[in-house]
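Trainee: Pasting the sequence and the predicted model now:
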Amino acid sequence: GLKMAPSHVLRCCQRVLAWIPVVFIALVVCWSYYAYVVELCIFTIKNPGEKIVYMVIFHLSFIMFVWSYWKTIFTTPANPSKEFSLSKSDKEQYEREERPESQQEILRRAAKDLPLYTRTGTGAIRYCDRCQVIKPDRCHHCSACDMCVLKMDHHCPWVNNCVGFSNYKYFILFLGYSLVYCLFIAATVLQYFIKFWTNDLPDTHAKFHVLFLFFVAAMFFISILSLFSYHVWLVGKNRSTIEAFRAPVFRNGPDKNGFSLGFVKNVKEVFGDEKKYWLLPVFTSLGDGVTYPTRLVNLDPEQPALDIQPESAKSSVDGQCHPTRPLSESQNRLLGNDPHLTEDSLDADSHKTAGGQGASVLMESES
Ligand SMILES: [Zn+2]
Ligand SMILES: [Zn+2]
């Protein structure tokens, strides 16, 4: 029976099933193309000038939408480079070691020359046990992809891919062009929708398609709008969805604005320096996905000092003055220790709305 099925068969099934949302979207898009071009433009619209203008604009937005959707789906997520893996001897030593303090010592030695500014909530080096790799800043392990993804934003089931450093620009363009596509359809279909509705036009098979076209376009437009607005806001703040949930932890503690360089620079970090490429789904994001410029974080007077081990205190080797926290970061937060609690839960709420439309976060817990 199913119980006996080897795990790779199950994984194979999961992989096939994961394409269902993408296939669903593709079918809806194909139908919308047929309904708009054939049923509306060819069969319903009589004015040739109107026909041509609608066809041209429709095809432009269709091409941009499909192009950016395609790139979001088929761009493989970027992974940490080799220099973030432990050397063979370090790896063996790490696995033999049972005390977390000694393991941290191995990681700290291995990470000495790596460009790392962020730590876990307890001040430890961020390490992925599953991939056996030191996590670069903004990198997170995705359980759905089973890999560490650079600047991971979230795992999106509607594109069956991780949204992160390699395709975040495409993802935002995909949302933007789907809005344009839906808005254009809804706006141009509206008058024919009304005519069919009030029986000003004869009852043909085009009626069904045109009525549905308006409903579907309007529905998708409304649901994508909140997700798109949220991501535009995130780009302006230089935060990933994960970082909006939980602020990255720097030497001086968590700082949700740690990677923010100001609005214009934040936008350029995702869209690139040259404005002519901003609206095209070609890769122009700045940086290598591993190192990110940070503001020099000075202690914010409003931010209570957190008991995070400063980098300078190397005396933690003996484990005596290293205050190992018994509670994980998330538990701490539940107890109200997190200064960003209010704002973060607001972020989380706004994401929940967005999550309903397809974005879900599958991330590891960093304890
Ligand atoms: Zn990993
Ligand atoms: Zn993923």
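Mentor: Yep, it's here. Ligands and ions are numbered 1, 2, ... in the order given.
Trainee: Give me the longest helix you can find in the chain.
Mentor: Across the chain, the helix with the greatest residue count (assigned by DSSP state H) is helix 205-237.
Trainee: Next, the buried residues of that helix.
Mentor: Neighbour-count burial for helix 205-237, counted by 16 or more other Cβ atoms under 10 Å, picks out 206-207, 209-214, 216-218, 220-221, 223-225, 227-228, 230-231, 234-235, 237. In this view, the C-beta of every residue, glycine as well, is placed from N, C-alpha and C.
Trainee: okay, now the residue lying closest to D137 once chain neighbours are set aside: neighbour count?
Mentor: Excluding its sequence neighbours, the residue lying closest to D137 (Cβ to Cβ, 6 or more residues apart in numbering) is T118, at 4.8 Å. When neighbours are defined as other Cβ atoms under 10 Å, T118 has 23 of them.
Trainee: Distance of T118 relative to F84?
Mentor: 13 Å (Cβ to Cβ, to the nearest Å).
Trainee: Name the helix or strand for M55, please.
Mentor: helix 48-74 (DSSP states H and E).
Trainee: average model confidence for the helix or strand following that helix?
Mentor: For helix 48-74, the succeeding helix or strand toward the C-terminus, using DSSP H and E, is helix 88-96. When pLDDT is averaged along helix 88-96, the result is 91.
Trainee: Give the buried residues for stretch 106-124.
Mentor: In stretch 106-124, counting by 16+ other Cβ under 10 Å, buried: 106-108, 110-111, 116-124.
Trainee: Does the helix or strand following the longest helix of the chain reach ligand 2?
Mentor: As assigned by DSSP H and E, the chain's next helix or strand after helix 205-237 is helix 241-245. No - applying Cβ under 5 Å from the ion, one finds helix 241-245 out of contact with ligand 2, separated by at least 11.5 Å.
Trainee: What residues of stretch 72-87 count as buried?
Mentor: T72, I73, T75, P77, A78, N79, P80, F84, L86.
Trainee: That one: end-to-end distance?
Mentor: 33 Å (Cα to Cα, to the nearest Å).
Trainee: Show me the shaky parts of the stretch 101-250 of the chain.
Mentor: Within the stretch 101-250 of the chain, no stretch has pLDDT under 70.
Trainee: residues from it in reach of ligand 1?
Mentor: C128, R130, C131, H141, C148.
Trainee: measure the nearest residue to K135 once chain neighbours are set aside to Y117 for me?
Mentor: Spatial nearest neighbour of K135, excluding adjacent residues (Cβ to Cβ, 6+ apart): R126 at 4.0 Å. Taking Cβ to Cβ as the measure, R126 and Y117 are separated by 11 Å.
Trainee: what's near enough to touch the most centrally placed residue in the chain?
Mentor: In the chain, the residue lying closest to the centroid (Cα atoms, centre = their mean) is D153, at 2.9 Å. Counting by Cβ atoms under 8 Å, 6 or more residues apart in numbering, D153 touches C162, V163, G164, Y168, F171, S240, T241, I242.
Trainee: The residues you listed into JSON lines, with extra columns for neighbour count?
Mentor: Conversion of the contacts of D153 to JSON lines gives the following (neighbours: other Cβ atoms under 10 Å):
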{"residue": "C162", "neighbour count": "26"}
{"residue": "V163", "neighbour count": "27"}
{"residue": "G164", "neighbour count": "28"}
{"residue": "Y168", "neighbour count": "23"}
{"residue": "F171", "neighbour count": "27"}
{"residue": "S240", "neighbour count": "24"}
{"residue": "T241", "neighbour count": "23"}
{"residue": "I242", "neighbour count": "17"}
